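Asks: The sequence isn't on hand, but the structure is:
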């Protein structure tokens with residue numbers, strides 16, 4: 001097709017994926033149908049890899065980089081944007097027998113942190129992710145890019161009420177571990193029990209008070225008490241420790 005311009009409003013921002021890794025993972029996961037791919041000429045270096053997994057029915061439109069930026073609302077598109085079906089969120093909460101290793105994100109506000117945690121969760125062998133529908137950052141294209149596209153392989157459930165979701169998990173027999181500051185057991189010295197849930201709290205206020213009593217508080221040792229790890233870094237360390245014990249990685 002001829003090079004052209006697409007207005008920002010012509011594409012539903014909720015149904016796009018951008019960035020090389022994100023589009024590659026989208027295509028390899030095969031969970032969402034792709035209707036259109038916007039890219040540039042000269043072709044991006046990774047085009048041959050993308051073309052190798054791109055279904056033949058997908059339309060390709062060549063545009064300039066400014067148009068890509070208008071479509072996705074970001075300059076980080078890396079020369080490619082895909083128009084896709086909505087993300088396939090889980091319709092019900094996870095079953096402890098089928099999904100023994102979960103992570104709950106309680107009010108993560110930054111889409112980059114959200115994406116980075118999803119990336120770490122996938123790498124650590126997490127079976128499912130639960131987000132708070134009211135207080136968490138949404139799973140946008142920016143969050144998917146921050147996950148290096150690994151969100152496309154992840155099972156994600158959005159809880160309307162996180163406290164109710166936690167009650168359901170406890171009732172199923174999940175062992176709950178809450179990442180906290182100031183007090184708690186040394187996360188590197190715990191023998192984690194399955195089925196298991198790790199809860200990561202808000203970047204500023206931590207875990208909500210109404211679920212702090214749901215399980216065991218754990219903390220990561222650090223140099224000083226007045227500093228802390230970034231939420232996504234802390235999540236990555238904790239998920240690694242748990243994933244190793246559960247022989248997920």
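Replies: Looks like it arrived, so ask away. All values derive from a computational prediction rather than experimental measurement.
Asks: Tell me how far stretch 85-94 lies from the chain's centre.
Replies: The chain centroid and the centroid of stretch 85-94 are separated by 13 Å under Cα atoms, centre = their mean, to the nearest Å.
Asks: in that stretch, what counts as buried?
Replies: Neighbour counts over stretch 85-94 (16 or more other Cβ atoms under 10 Å) mark 87, 93-94 as buried. Every C-beta, even on glycine, is put in place using the N, C-alpha and C of the backbone.
Asks: Return the subset of those lying in strands.
Replies: The strands in this structure, assigned by DSSP state E, contain none of those.
Asks: buried ones in stretch 196-211?
Replies: 196-202, 206-208, 211.
Asks: Stretch 154-168 now?
Replies: 154-159, 162, 165-166.
Asks: and if you look at stretch 206-225?
Replies: 206-208, 211, 214-215, 217-220.
Asks: which of these lies closest to residue 69?
Replies: Lowest distance from residue 69 to these (Cβ to Cβ) belongs to residue 206, with 35.7 Å.
Asks: Verify the stated contact: the closest one with residue 182.
Replies: No: counting by Cβ atoms under 8 Å, residue 206 stays clear of residue 182, with 9.3 Å between them.
Asks: Which segments of the chain make up each domain?
Replies: 8-84, 101-245 (automatic domain parsing).
Asks: Rebuild those as JSON lines, extending it with mean pLDDT.
Replies: Below are these laid out as JSON lines (pLDDT from 0 to 100):
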{"stretch": "domain 8-84", "mean pLDDT": "93"}
{"stretch": "domain 101-245", "mean pLDDT": "95"}
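Asks: Would you mind finding the most buried of those?
Replies: Greatest average neighbour count among these goes to domain 101-245 (a mean of 19), per mean count of other Cβ atoms under 10 Å.
Asks: what's the straight distance from one end of that domain to the other?
Replies: From its first residue to its last, domain 101-245 covers 11 Å (Cα to Cα, to the nearest Å).
Asks: now it, how far from the centre of its chain.
Replies: 11 Å.
Asks: Nearest to residue 228 among the buried residues of stretch 85-94?
Replies: residue 94 (28.5 Å).
Asks: Now do the same contact list for that closest one.
Replies: 102, 127-128, 130, 155, 157, 169 (Cβ atoms under 8 Å, 6 or more residues apart in numbering).
Asks: If we use 6 Å, what do you get?
Replies: 102, 128 (Cβ atoms under 6 Å, 6 or more residues apart in numbering).
Asks: Next one: the residue nearest the centre of the chain from residue 159, what distance?
Replies: Taking Cα atoms, centre = their mean, the centroid of the chain lies closest to residue 118, which sits 3.2 Å from it. Distance of residue 118 to residue 159, given as Cβ to Cβ, to the nearest Å: 16 Å.
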